[in-house]
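Participant: Any chance you can model this:
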Amino acid sequence: MRDYRVGTLKGRFVVMWNDDDGKRRRYRLAAHTAKEAEREARDVILKIEAPEAGMSVAQVWSAYQAEVAGRRQEAKLKQTGRNVLPVFGHLAAEHVAVADCRRYIARRREQGRKDATIRTEMGCLRTALSWAYKSRLIASLPRIELPPTPAPRERYLSGSEVSALLKAAVNHHIKLAMLLMLTTAGRSGALFELTWDRVDMENRIIKLSKSDIGPRKGRATVPINDTLMAALQTARSVALSRYVIEWGGDRVTSIKTGFNAAVKRAGIGHCTPHDLRRTAGRFMAEAGVPMEEVAQYLGHSNPNVTRSTYARFSPGHLRKAADALEFGRLESVQRPKVKTPNGGLSD
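Facilitator: This next block holds a predicted model:
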């Protein structure tokens, strides 16, 4: 790499270097402070050295998006790329610095974005660069700093809130989606991809996974209860496409707008579609369903994950421990003896 330095010329910041032929070059910067000049100069240098620096973040992003085409990660990259690429896209992938990550995090926070959203965006950047490194598209893997992991959401709907929410769903596909989330405990992505060929009405079984390969997170095979059966029978009789959740014959990929409107009409506290899955897990635990069954229903590969989240809602949780501390069953409890006014001892 050439020897670059930042200086001033006629009151303006410039970045200066000597070309391979020894000729001196200058590039005027738009920066007004030395700190801004250093940041801008770094980007200018990376552009100049691009052939030597390797692939840009935008190029890596595009290549990785092609690699995961047809999978859920593709849509996620497309969405997060709208915010990540305008900031990181022009940088050489190997030269992304922690300082760049911190500036991005600070900027997104100023825009009102929560750390959970920012973690998702920066996580996509980290994943794309890691893939490029493992694929030998870039020579080194930069450190991508993420915001701290936020505390997990603890929103669970009560039975009355669930009833109010379902009644407030105006459109049939919104209500059907809610019922599926509550009765199958499936993730929204799996349910939006659910097709009628995986709904066995005769044996009352739904297979949330599309196949035995590919993404299976939270995609179990679950029974159809009476509540869901009635809704599915109605939906099947008027279906216009192969997808269970549809609108006007088109596949539905989000119910965010309709869901939020129903929450507002129901007059309940803020919640998200994913909170219905959590609520389903809590309802099962409160009904005394064994944690292993709850785990299988939720599609958790490790029952310990289920137990750490939902065991406290089980009516038998820590019951044996509490029984072991049942001191009131002792036949007698000795009380300390105290002296009486006449010098004797009394209980």
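Participant: Would you mind giving both backbone torsions of the closest residue to residue 197 other than its chain neighbours?
Facilitator: Counting by C-beta to C-beta, 6 or more residues apart in numbering, the nearest residue to residue 197 once its immediate chain neighbours are dropped is residue 242, at 7.1 Å. Every residue, glycine included, has its C-beta placed from N, CA and C. Residue 242 adopts backbone torsions of phi -80, psi -10, taken as degrees, to the nearest 10.
Participant: Tell me, how many residues neighbour residue 242?
Facilitator: A count of nearby residues for residue 242, using other C-beta atoms under 10 Å, gives 11.
Participant: got the contact list for it?
Facilitator: The contact partners of residue 242, by C-beta atoms under 8 Å, 6 or more residues apart in numbering, come to 195-197.
Participant: Including pLDDT, could those residues go into CSV?
Facilitator: Below are these laid out as CSV (pLDDT from 0 to 100):
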residue, pLDDT
195, 95
196, 96
197, 95
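Participant: For those residues, pick the one with the most neighbours.
Facilitator: residue 196 (15 neighbours).
Participant: Can you tell me how far that residue is from residue 263?
Facilitator: Residue 196 sits 28 Å away from residue 263, going by C-beta to C-beta, to the nearest Å.
Participant: Would you map the strands across the stretch 201-347 of the chain?
Facilitator: 205-207, 221-223, 246-247, 250-251, 338-339, 345-346 (DSSP state E, counting those that start in this stretch).
Participant: same question, the stretch 1-150 of the chain
Facilitator: All strands of the stretch 1-150 of the chain, identified by DSSP E, counting those that start in this stretch, fall at 5-9, 12-18, 24-28.
Participant: What angle do strand 24-28 and the second one make with each other?
Facilitator: Which is strand 12-18. Going by axes from the mean of the first three to the mean of the last three C-alpha atoms, to 10 degrees, strand 12-18 is angled at 150 degrees with respect to strand 24-28.
Participant: Remind me what strand 12-18 packs against, helices and strands.
Facilitator: Helices and strands touching strand 12-18, by 3 or more C-beta pairs under 8 Å, 6 or more residues apart in numbering; DSSP states H and E, are strand 5-9, strand 24-28, helix 34-48.
Participant: just the ones you listed: most buried one?
Facilitator: Greatest average neighbour count among the helices and strands packed on strand 12-18 goes to helix 34-48 (a mean of 16), per mean count of other C-beta atoms under 10 Å.
Participant: any idea of the mean pLDDT in that helix?
Facilitator: What helix 34-48 shows for mean pLDDT is 73.
Participant: next one: stretch 70-89
Facilitator: For stretch 70-89, the per-residue pLDDT averages 91.
Participant: export it as CSV, just CAs?
Facilitator: Taking C-alpha atoms only, stretch 70-89 is exported to CSV below (Å, rounded to 0.1, in the frame of the first residue of the first chain):
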residue,chain,number,x,y,z
GLY,A,70,-34.2,-19.5,-1.7
ARG,A,71,-33.6,-19.7,2.1
ARG,A,72,-35.0,-17.4,4.8
GLN,A,73,-31.5,-15.8,5.2
GLU,A,74,-31.9,-14.3,1.7
ALA,A,75,-34.9,-12.2,2.7
LYS,A,76,-33.1,-11.2,6.0
LEU,A,77,-30.1,-10.0,4.1
LYS,A,78,-32.2,-8.1,1.7
GLN,A,79,-34.0,-6.3,4.5
THR,A,80,-30.9,-5.6,6.7
GLY,A,81,-28.8,-4.6,3.7
ARG,A,82,-30.9,-1.5,3.2
ASN,A,83,-29.3,-0.1,6.3
VAL,A,84,-25.9,-1.8,6.4
LEU,A,85,-24.7,-1.4,2.8
PRO,A,86,-25.0,2.4,2.6
VAL,A,87,-22.6,2.6,5.5
PHE,A,88,-20.3,-0.4,5.0
GLY,A,89,-20.8,-1.3,1.3
